[in-house]
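Trainee: Need the 3D shape of this:
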Amino acid sequence: MGYQDVYDSWKSNPEGFWMEAAEAISWDKKPSKALSDLGDHMYEWFADGMVNTCYNAVDRHVEAGRGEQTAIIYDSPITHTKREISYVELRNRVANLAGALRAKGIEKGDRVIIYMPMIPEALEAMLACARLGAVHSVVFGGFAANELAVRIDDAKPKAIIAASCGMEPGRVVHYKPLLDGAIDLAEHKPDFCVIFQREQEVAQLVEGRDFNWHGFQYGVEPADCVPVEGNHPAYILYTSGTTGQPKGVVRPTGGHLVALNWTMKNVYNVDPGDVFWAASDVGWVVGHSYICYGPLIHGNTTIVFEGKPVGTPDAGTFWRVISEHKVKTFFTAPTAFRAVKREDPKGEYVKKYDLSCLDQVFLAGERADPDTIVWAQEQLQKPIIDHWWQTEIGYPAVCNPVGIELLPVKLGSPSVPLPGFDMQVLDEGGNPLPAGELGAIAAKLPLPPGTLPTLWNADDRFRKSYLTTFPGYYETGDAGMIDEDGYVYIMARTDDVINVAGHRLSTGGMEEVLSGHPDVAECAVIGVTDQLKGQLPLGFLCLNAGCNREHAEIVAECVKLVREKIGPVAAFKLACVVDRLPKTRSGKILRATMVKIADNEEFKMPATIDDPAILDEIREALQTLGYAKG
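Mentor: This is a model prediction of the structure:
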């Protein structure tokens, strides 16, 4: 069956399609039906089934005789550490940790916050919670104390599992003082904390509250897997909210298992036993879905990588890891490739490694500009697959389904909707727009299994955030179009569609043009307020390493390029060269914050910002263009 056959089979019988996919999961009690309609556009999947995530991710592979297969490869160029953990070793470690948590009172439904760096113990903590039916919430290691406190007050965890520190190139990030500060700030206090002491920094423990990871597990009975209902929350993952109050995305257990398992072969084209590497972090949704759960549920070997695309030690790190560990499918963010391309535009490092094991590369997290995709195609000579999804959705919604059929790649498009997703482009009144017209991207309800059924303790906010603007649809917050062949183009966040003298224009389309300039490594376009035209586009350009041409010359060429490719209607005349762009730790460019700086508006420092000092550099650059005068 090709893509169209599979998609049509879902469309003609959605519940039958997902019930068949559910057969690949080991249920304690199989669900009697797929979908439950709760009314008011709220739905649940596999609600009356009984199942355990940890059993499906670990124990069943051991029981099937594959216990000696490597489950996790830990590769940390920052600490010069490498080790492998087999499925049987992982089962024993997770069962022990779960037993110790149970002995301290953690039960089904209790919340546990996990605040850890990219080490295997982070996955073990997630799986130990899942083993008990406890609901984990991973908070990105190194998040500021006040941000962690907000999440403690929302999730109300009975316990917090943390590491003493995280490691960044050239510095140690002190986790424990941040954790102590967060607990002081939070109204809710956890019963206890478990601290994994790293040799790079041993933290001071608070007597009576804090327990050492190893000592805490001594002499306890290992815990068995606790079956939970299909609609039981597997985890809560906080995504930044526009109001400053983060939204706790809930992931339901049954649908999560079914959907992730389905994607491993049909999307990512791996078979059990293959090595799969998502170069992300457990603090983000990619780390949940495709470092921890997806690969392990499917019986793959997953890589936990503690490093950066450049600087640990060089721009060849990705290729070294792929070659050394025989990675079949690699998944990273476009921003990581742009960093590598900037350091190594000619791909000299690629030539140093045997990448014959690699079959395909996937990009997600930030719009993949065609220039970056073409560079990767030329250097790697492999399919480079852009795909689109969100924290709320939990796995790919629009993608070239390589495991079913490799469709023709169209640069600038993450390809086609996957089964479960009926994607539409709507105008402001909620009416579907014809092919090729720019509008709001929305998905017809119900969403498929594993997507968010609601927000943690916030049903009304869930409806208001996602279901109210377009009744009967899930509002993605992204803008774009669908072409005559059904390919979806995600052009920008809805907020990033700018209105220049009545013309709705996509900043993503302008970024695409700017990225095509030979000296531009990375760029961002924002809309700034203009009294005459309403808004004007303004571009920020980061140049390739070693480029020593006059900045004014490059800016002039970029302005000309946009005029040629998009036309005078874009009114693109403002651009400046900067060393770097402000980003979240997952690589998303903070365009909305840049707009607020340009327009002299108050803004809240984004919790996820990688380096706040960059905003001062952006302010200075804007001032040279006559903005951000303040």
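
Trainee: Can you list the residue ranges for strands in the stretch 251-400 of the chain?
Mentor: Using DSSP state E, counting those that start in this stretch, the strands of the stretch 251-400 of the chain run over residues 275-278, 301-305, 327-332, 360-363, 384-386, 398-399.

Trainee: and the second one, which strands flank it?
Mentor: Based on DSSP bridges, the strands next to strand 301-305 in the sheet, each with its direction, are strand 70-76 (parallel), strand 275-278 (parallel).

Trainee: Point out the most buried one among these.
Mentor: strand 275-278 (a mean of 24; mean count of other C-beta atoms under 10 Å). C-betas here are computed from N, CA, C, even on glycine.

Trainee: Touching that strand from outside, list them.
Mentor: 73, 264, 268, 270, 286-287, 290-291, 294-295, 300-303, 305, 321-322, 325-332, 357 (C-beta atoms under 8 Å, 6 or more residues apart in numbering).

Trainee: So how do I select the buried members of those residues in ChimeraX?
Mentor: Buried subset of the contacts of strand 275-278, written as a ChimeraX selection, criterion 16 or more other C-beta atoms under 10 Å:
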select :73,264,268,270,286,287,290,291,294,295,300,301,302,303,305,321,322,325,327,328,329,330,331,332
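
Trainee: Which positions in the longest helix seen in the chain come out as buried?
Mentor: Secondary structure of the chain per DSSP state H: the longest helix is helix 87-103. Residues of helix 87-103 classed as buried by neighbour count (16+ other C-beta under 10 Å): 87-102.

Trainee: tell me how far the next helix or strand after it is from the chain's mean position?
Mentor: Toward the C-terminus, helix 87-103 is succeeded by strand 111-115 as the next helix or strand (DSSP states H and E). Computed by C-alpha atoms, centre = their mean, to the nearest Å, the separation of strand 111-115 from the middle of its chain amounts to 18 Å.

Trainee: So in that sheet, which strands flank strand 111-115, and in what orientation?
Mentor: Applying DSSP bridges, one finds strand 111-115 paired with strand 135-138 (parallel), strand 159-163 (parallel).

Trainee: contacts for that strand?
Mentor: So strand 111-115 is contacted by 101, 106, 122, 125-126, 129, 134-139, 141, 143, 148, 151-152, 155-163, 175, 179, 190, 236, 282 (C-beta under 8 Å, 6+ apart).

Trainee: between the strands paired with strand 111-115, which gets nearest to Gly436?
Mentor: strand 135-138 (40.1 Å; C-beta to C-beta).

Trainee: average pLDDT for that closest one?
Mentor: The average of the pLDDT scores along strand 135-138 is 98.

Trainee: Tell me the buried residues in the helix or strand of the chain with the lowest mean pLDDT?
Mentor: Ranked by mean pLDDT, DSSP states H and E, the weakest helix or strand in the chain is strand 503-506, scoring a mean of 75. For strand 503-506, the neighbour count (16+ other C-beta under 10 Å) marks Leu505, Ser506 as buried.

Trainee: Sheet-wise, list the partners of that strand with their directions.
Mentor: When DSSP bridges is applied, strand 503-506 pairs with strand 497-500 (antiparallel).

Trainee: count of neighbours near the residue lying closest to Arg367 once chain neighbours are set aside?
Mentor: Closest residue to Arg367 in three dimensions, ignoring its sequence neighbours and counting by C-beta to C-beta, 6 or more residues apart in numbering: Gly508, at 5.4 Å. Counted with other C-beta atoms under 10 Å, residues neighbouring Gly508 total 21.

Trainee: looking at it, Gly508 is touching Met481, isn't it?
Mentor: No - between Gly508 and Met481 there is no contact, the gap being 11.0 Å when judged by C-beta atoms under 8 Å.

Trainee: Between those two, which contacts overlap?
Mentor: By C-beta under 8 Å, 6+ apart, the residues touching both Gly508 and Met481 are Met491.

Trainee: tell me the secondary structure for the residue of the chain positioned farthest from its centre?
Mentor: Distance from the C-alpha centroid of the chain, by C-alpha atoms, centre = their mean, peaks at Leu532 (38.7 Å). Assigned with DSSP: H, G, I helix; E, B strand; the rest coil, Leu532 falls in the coil class.

Trainee: measure it to Arg342 for me?
Mentor: Plainly put, Leu532 is 36 Å away from Arg342 if you go by C-beta to C-beta, to the nearest Å.

Trainee: How much space separates Ile113 from Val150?
Mentor: In terms of C-beta to C-beta, Ile113 sits 11 Å off from Val150.

Trainee: and of the buried residues of helix 87-103, the nearest to Val569?
Mentor: Nearest to Val569 among those, with distances taken as C-beta to C-beta, is Leu90, at 56.8 Å.

Trainee: With adjacent residues omitted, what lies nearest to that closest one?
Mentor: Leu90 sits nearest to Ala71 (C-beta to C-beta, 6+ apart), 4.6 Å away.

Trainee: Look at Glu557 and say how many residues are nearby.
Mentor: Applying other C-beta under 10 Å, I find that Glu557 has 16 neighbouring residues.

Trainee: Now it: phi and psi?
Mentor: Main-chain dihedrals, Glu557, degrees, to the nearest 10: phi -70, psi -40.

Trainee: Where does Val409 fall, secondary structure wise?
Mentor: Judged by DSSP H and E, Val409 forms part of no helix or strand.

Trainee: for it, what are its contacts?
Mentor: Ile373, Pro383, Ile384, Ile385, Asn400, Ser415 are the contacts of Val409 under C-beta under 8 Å, 6+ apart.

Trainee: Narrow those residues to those that are buried.
Mentor: Ile373, Pro383, Ile384, Ile385, Asn400, Ser415.

Trainee: Ser515: which of those is nearest?
Mentor: Closest to Ser515, out of all of the buried ones among the contacts of Val409 and judged by C-beta to C-beta, is Ile373, at 9.9 Å.

Trainee: Quick check: the residue nearest to the closest one when sequence neighbours are not counted vs Asp369, distance?
Mentor: Nearest-residue entry for Ile373: Ile384, 5.0 Å, with adjacent residues in sequence omitted and distances by C-beta to C-beta, 6+ apart. In this view, Ile384 and Asp369 are 12 Å apart by C-beta to C-beta.

Trainee: Find residues that contact each of those two.
Mentor: Joint contacts of Ile384 and Asp369 (C-beta under 8 Å, 6+ apart) do not exist.

Trainee: Show the model's pLDDT score for Gly241.
Mentor: Reported pLDDT for Gly241: 51.

Trainee: Kindly apply the preceding question to Val528 instead.
Mentor: pLDDT, Val528: 92.

Trainee: That one and Leu467: what is the separation?
Mentor: 32 Å.

Trainee: List the contacts of Phe421.
Mentor: Taking C-beta under 8 Å, 6+ apart as the test, what Phe421 contacts is Ala397, Val398, Ala443, Leu447, Pro448.

Trainee: Just the ones of those residues in helices?
Mentor: Filtering the contacts of Phe421 for helices - DSSP H - leaves nothing at all.

Trainee: TSV please, covering these and showing distance to Cys523.
Mentor: Formatted as TSV, the contacts of Phe421 follow (distance: C-beta to C-beta, whole Å):
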residue	distance to Cys523
Ala397	26
Val398	23
Ala443	29
Leu447	33
Pro448	34
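
Trainee: and of those residues, the nearest to His517?
Mentor: Val398 (27.5 Å).

Trainee: ok, the closest one - contacts?
Mentor: So Val398 contacts His387, Trp388, Trp389, Pro414, Ser415, Val416, Pro417, Leu418, Phe421, Met423, Val488, Ile490 (C-beta under 8 Å, 6+ apart).

Trainee: so it bridges to which residues?
Mentor: Assigned bridge partners for Val398, using DSSP bridges, are Trp388, Pro417.

Trainee: Please consider this matter closed, and thank you.
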